[in-house]
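In: Could you look at this predicted model? Sequence included:
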Amino acid sequence: MAAYVVANIEVKDPEGYKDYSKLSRPAMEKYGGKALVRNGQVDIKEGTFVPKRFVILEFESMEQAQAYYNSPEYQAAKAIREKYAVTDFIIVEGA
């Protein structure tokens, strides 16, 4: 069953954040991930959630998504992201 990484990222330093992007994409691809949403236009209909940089990645399974998140490749990217952005990040199993 597919699993999804869902992240809302508020970038504080766009220049520094570029290094995160350079590392995170190859890590995602190595673990079979595919970007479904990456900072597209948002049309808020209800509620108070106002995404900043909204991302949804799809993986074949929860195990693959977890492997991606816990991988040395992504942990290196994550360290950069944490320095230059504030993030809400979840992994959720699909229906």
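Out: Here it is on my side, so go on. Because the structure is predicted, anything quoted here is derived from the model rather than measured.
In: which parts of stretch 41-56 are buried?
Out: 51, 54-55 (16 or more other C-beta atoms under 10 Å). Every C-beta, even on glycine, is put in place using the N, C-alpha and C of the backbone.
In: now stretch 22-36
Out: Under 16+ other C-beta under 10 Å, the buried positions of stretch 22-36 are 23-24, 27-28, 31, 33.
In: tell me which of those residues is nearest to residue 67?
Out: residue 31 (5.3 Å; C-beta to C-beta).
In: list the contacts for the closest one?
Out: 59, 64-65, 67-68, 71, 74 (C-beta atoms under 8 Å, 6 or more residues apart in numbering).
In: Mind doing that once more with 6 Å?
Out: 64, 67-68 (C-beta atoms under 6 Å, 6 or more residues apart in numbering).
In: Of these, which is the most crowded?
Out: Of all those, the highest neighbour tally under other C-beta atoms under 10 Å goes to residue 68, namely 23 neighbours.
In: Can you list the residue ranges for helices in this structure?
Out: Under the criterion DSSP state H, the chain contains helices at 14-30, 62-70, 72-84.
In: any chance of those in TSV, with mean pLDDT and distance to residue 46 too?
Out: Output for the helices of the chain, formatted as TSV (pLDDT from 0 to 100; distance: least, C-beta to C-beta, whole Å):
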stretch	mean pLDDT	distance to residue 46
helix 14-30	95	30
helix 62-70	98	28
helix 72-84	97	29
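In: Can you add distance to residue 45 and give those back as a markdown table?
Out: Shown next, in a markdown table, are the helices of the chain (distance: least, C-beta to C-beta, whole Å):
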| stretch | distance to residue 45 |
| --- | --- |
| helix 14-30 | 28 |
| helix 62-70 | 28 |
| helix 72-84 | 29 |
